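A.B. asks: no letters, just coordinates:
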């Protein structure tokens, strides 16, 4: 908004303009009747005085003059820092004041309604035009400068095998497999382009590589993904490295030279007008600032913006909740097949490895059972196993190993190989093995410090200096053995050439550092707390035995004394809102006693230290996995590890964190029992990977509400029956969604056996939501689900539709029905379906999907709908292919707001 135009307004002329005698002599010829007083409805209290009456014309003019003066007397530097929200508020206030001024002046001069309306319309158009006036650089210039700045940090070519993606979207072709090159051009079934794309995959599946590939292809103009050329700008947000929740600050950090040419308002305008693809990478590793940044992005993004976000499956629901009431196109990684595995292994270009060795390795890999081959469909696992076997001449790949097993085996092979190579140049009697082990401990310490303070995987100068100082081993050889060459993007800023291959590798190295520190300690648990910088009195179950009643009272009085000087009120409010009153008071007491004893820094610096500590969450999670698998050679209890993990979470109560702990720690019941004391009980969201972990936790704790989301074939989930049986025995609100049965039109499997477990007469759970594929006999089970409010079904038999109309009237709380009639011959149900007594005889919103409707069966479709209700508004058909949707039916005579909705 050009504030200079507002500063130059002639207020004296504006004040007298409406009271000139020439105005009173003008007659409106368009109104032959007596002029009607026109009043504009405004928000209550906006233009009222303290007595509740409207402001007179004189006061309105003086208020306008005050605004003009406040704007004209601002310093130029402050004008460039005006936010977009401030400009919107100013434009809104000006519009309200000028509207009231024109109305009052028009009434005083006896102007007709048409003249006043025209004047108000012209005024609003002027204000809107000035509000969105183009200042500074244009959108084209902004995009060009941003691209040039991103090109300066372009990464070199890296090995990337294009993955396949499985569509999990509710409103798309569920279960279909698409290549990565077709992701951005995918559409919903109604033909609309998605504005939010969510990509889920486990660790090492290729989420970060996908974002890197998109950025590299866009910068080079590579035609691999044609849809990338439609975007004017690509901006990437790495959630683990975000340090500010303000979008403008993040842009100044990402594009410092370009953003320097724009003030805040101009930067907002340019972003809204440009067609931008936002790449949000690693939501599961998001800092608190990253969560705020994503919300700022969602609220400020333009209509032409597209957001592509990646996360692990267990955090998919958390990411979906960020995009409230927005259509999301869900996809997941399909895993590599034989041809893709071959491309990845050959693309490694390992020195000294011929094609015959590659073929032998791949043949061994493909000889494994299908379940074991699925492990190596993960690109990271496959790459690590290829490096271990081919570089160290291992005849047969290791089987059924987790990432931590592969890393530890790889470290040992690299260590032995390095010892052999260094002994060739070592002096007689020199203990090479001892020196390399000492250097490895330095690498572990550097890895721990890097994980704690730097989200980047690059080794900085300080770390390289520590590894090089008086080590007695060839540093470059050691670095190239355990680390990889860093991408050019980070090399330019860090001036270093080595990096960790993946964050999981750094976590394993950091976990080995904790093992080295605590292995020979007298009190390993105390040493572990010391290294993690977690004081024992921070743990929830701690009570200092040396504190008597007098000491407690004294400490409490000291706490009250420092409350106003050392504790942030914002922190206090957030703690009270987040926890119950009793838990908050106990937490306050522990924290305040800490500060009195001098165990912590002041609040502002403590907050910074705690944010650094929270980055050690994946490291401690790696320690817990190694401990459960017997790979962490330190004598610590499960209680200590769980308490430390809870302290590092800093109040993050997402049950997905604790489900991940139990899942990665396998079948360790001792750890599951301790975790059950920490996990929240309000809502558990259980996906395919967490079925077994949730079943273990249900032995010790019962949540209030559970949502079970089954995306894959439920036959592959061996513990799903156990989980549902335990839920049926518990008083819990249950939502069961078997998406593969509902969305996969090629699936012939029924969900009857799973529904039967939770609808038995002796079942205690309350089923509120169900999605799946039911047979005619399976529909009878719904009669026992009296708490059901939402039902999504796929039926294939005409008799099932008839049976459904008999069952649903018994479900008094049912409000939404999503029905997919998956009958390939499209046989219209029997005429016994009577709408007067059917499910639509009461207020029930019905979404009806007819995927096999043909162009020649329009009358059949209308007949089908009429069996449900005579009241419908519009009928549309979508072909199952990429063709556009076509309108089939017209409007019925009896339209009603209580009509069913037909959609696909």
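C.D. replies: Sure thing, it's come through. Just so it is clear, the model here is predicted, and its values are computed rather than measured.

A.B. asks: give me the mean pLDDT for stretch 112-119.
C.D. replies: For stretch 112-119, mean pLDDT is 88.

A.B. asks: err, stretch 349-357, not the other one
C.D. replies: The model assigns stretch 349-357 a mean pLDDT of 85.

A.B. asks: longest helix in this structure, please.
C.D. replies: When the chain is parsed with DSSP state H, its longest helix is helix 84-108.

A.B. asks: buried ones in that one?
C.D. replies: Residues 84, 87, 90-91, 94-107 are the ones in helix 84-108 that count as buried (16 or more other Cβ atoms under 10 Å). Where C-beta positions appear, they are placed from N, C-alpha and C, glycine not excepted.

A.B. asks: let me see the ranges of the strands in the stretch 151-300 of the chain.
C.D. replies: 164-167, 177-179, 196-200, 233-238, 276-281 (DSSP state E, counting those that start in this stretch).

A.B. asks: and those: which comes nearest residue 149?
C.D. replies: With Cβ to Cβ, the closest approach to residue 149 among the strands of the stretch 151-300 of the chain belongs to strand 233-238: 10.8 Å.

A.B. asks: what angle do that closest one and strand 276-281 make?
C.D. replies: Put simply, strand 233-238 runs at 20 degrees to strand 276-281, going by axes from the mean of the first three to the mean of the last three Cα atoms, to 10 degrees.

A.B. asks: quick one: strands adjacent to strand 233-238?
C.D. replies: Here strand 233-238 is paired, per DSSP bridges, with strand 276-281 (parallel).

A.B. asks: list of residues touching the partner strand?
C.D. replies: 184, 207-208, 211, 214-215, 218, 228, 231-239, 294, 297, 301-302, 304-310 (Cβ atoms under 8 Å, 6 or more residues apart in numbering).

A.B. asks: give the buried subset of these as a PyMOL selection command.
C.D. replies: Entered in PyMOL, the line below selects the buried ones among the contacts of strand 276-281, by 16+ other Cβ under 10 Å:
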select buried, resi 184+207+208+211+214+215+218+228+231+232+233+234+235+236+237+238+239+294+297+301+305+306+307+308+309+310
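
A.B. asks: and the gap between the residue nearest to the spatial centre of the chain and residue 239?
C.D. replies: Among the residues of the chain, the one closest to the centroid is residue 319, at 2.7 Å (Cα atoms, centre = their mean). As judged by Cβ to Cβ, to the nearest Å, residue 319 and residue 239 stand 10 Å apart.

A.B. asks: as JSON lines, the strands of the stretch 151-300 of the chain with mean pLDDT and distance to residue 732 would be great.
C.D. replies: Output for these, formatted as JSON lines (pLDDT from 0 to 100; distance: least, Cβ to Cβ, whole Å):
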{"stretch": "strand 164-167", "mean pLDDT": "90", "distance to residue 732": "30"}
{"stretch": "strand 177-179", "mean pLDDT": "89", "distance to residue 732": "35"}
{"stretch": "strand 196-200", "mean pLDDT": "95", "distance to residue 732": "26"}
{"stretch": "strand 233-238", "mean pLDDT": "94", "distance to residue 732": "37"}
{"stretch": "strand 276-281", "mean pLDDT": "96", "distance to residue 732": "33"}
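
A.B. asks: distance to residue 325 added to those, as JSON lines?
C.D. replies: Conversion of those to JSON lines gives the following (distance: least, Cβ to Cβ, whole Å):
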{"stretch": "strand 164-167", "distance to residue 325": "21"}
{"stretch": "strand 177-179", "distance to residue 325": "26"}
{"stretch": "strand 196-200", "distance to residue 325": "11"}
{"stretch": "strand 233-238", "distance to residue 325": "22"}
{"stretch": "strand 276-281", "distance to residue 325": "18"}
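
A.B. asks: nearest to residue 57, of these?
C.D. replies: It is, among those and with distance given as Cβ to Cβ, strand 276-281, at 45.6 Å.

A.B. asks: next, the angle from the closest one to strand 196-200.
C.D. replies: Taking the same axes, to 10 degrees, one finds that strand 276-281 is oriented at 20 degrees with respect to strand 196-200.

A.B. asks: run the chain-centre distance for strand 276-281.
C.D. replies: Remark: strand 276-281 is offset 12 Å from the chain centroid, using Cα atoms, centre = their mean, to the nearest Å.

A.B. asks: domain map for this structure?
C.D. replies: Annotated domains of the chain cover 3-131, 139-335, 336-401, 732-904 [automatic domain parsing].

A.B. asks: burial of the closest residue to residue 94 other than its chain neighbours, as a residue count?
C.D. replies: The shortest distance from residue 94 to any non-neighbouring residue, by Cβ to Cβ, 6 or more residues apart in numbering, is to residue 127 (5.8 Å). Neighbour count of residue 127, defined by other Cβ atoms under 10 Å: 19.

A.B. asks: okay, the angle between the helix or strand residue 127 falls within and helix 84-108?
C.D. replies: Assigned by DSSP states H and E, residue 127 belongs to helix 113-131. Helix 113-131 runs at 160 degrees relative to helix 84-108, counting by the same axes, to 10 degrees.

A.B. asks: quick check, residue 395 in a strand?
C.D. replies: No. Read with DSSP: H, G, I helix; E, B strand; the rest coil, residue 395 is coil and lies in no strand.

A.B. asks: return the residues in contact with it.
C.D. replies: 360, 364, 389.

A.B. asks: pull the residues that contact the strand ranked longest in the chain.
C.D. replies: Using DSSP state E, we find that the single longest strand of the chain is strand 766-773. Under the contact criterion Cβ under 8 Å, 6+ apart, strand 766-773 has outside partners 707, 731-739, 741-742, 747, 749-751, 754-755, 758-759, 782, 785, 787-796, 818.

A.B. asks: wait, what's in contact with the nearest residue to residue 773 once chain neighbours are set aside?
C.D. replies: Nearest residue to residue 773, sequence neighbours excluded (Cβ to Cβ, 6+ apart): residue 741, at 3.9 Å. Applying Cβ under 8 Å, 6+ apart, one finds that residue 741 lies in contact with 714, 747, 749-751, 771-773, 794.

A.B. asks: kindly supply the PyMOL command isolating those of the residues you listed that are buried.
C.D. replies: Per 16+ other Cβ under 10 Å, the buried members of the contacts of residue 741 correspond to this PyMOL selection:
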select buried, resi 714+747+750+751+771+772+773+794
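
A.B. asks: against residue 716, how distant is residue 370?
C.D. replies: The spacing between residue 370 and residue 716, counted by Cβ to Cβ, is 11 Å.

A.B. asks: and if you look at residue 198?
C.D. replies: 22 Å.

A.B. asks: try residue 516
C.D. replies: 40 Å.

A.B. asks: look at these two and report which has more neighbours.
C.D. replies: When residue 516 and residue 716 are compared for neighbours, residue 516 comes out ahead with 18 against 12, by other Cβ under 10 Å.

A.B. asks: what sits against that one?
C.D. replies: Residue 516 makes contacts with 441, 444, as judged by Cβ under 8 Å, 6+ apart.

A.B. asks: so which residues of the stretch 751-900 of the chain form strands?
C.D. replies: Along the stretch 751-900 of the chain, the stretches classed as strands by DSSP E, counting those that start in this stretch are 766-773, 790-795, 816-821, 845-849, 876-877, 886-887.

A.B. asks: would TSV of these with mean pLDDT and distance to residue 512 be doable?
C.D. replies: TSV is the format used below for the strands of the stretch 751-900 of the chain (pLDDT from 0 to 100; distance: least, Cβ to Cβ, whole Å):
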stretch	mean pLDDT	distance to residue 512
strand 766-773	95	45
strand 790-795	92	48
strand 816-821	87	51
strand 845-849	80	54
strand 876-877	50	60
strand 886-887	38	62
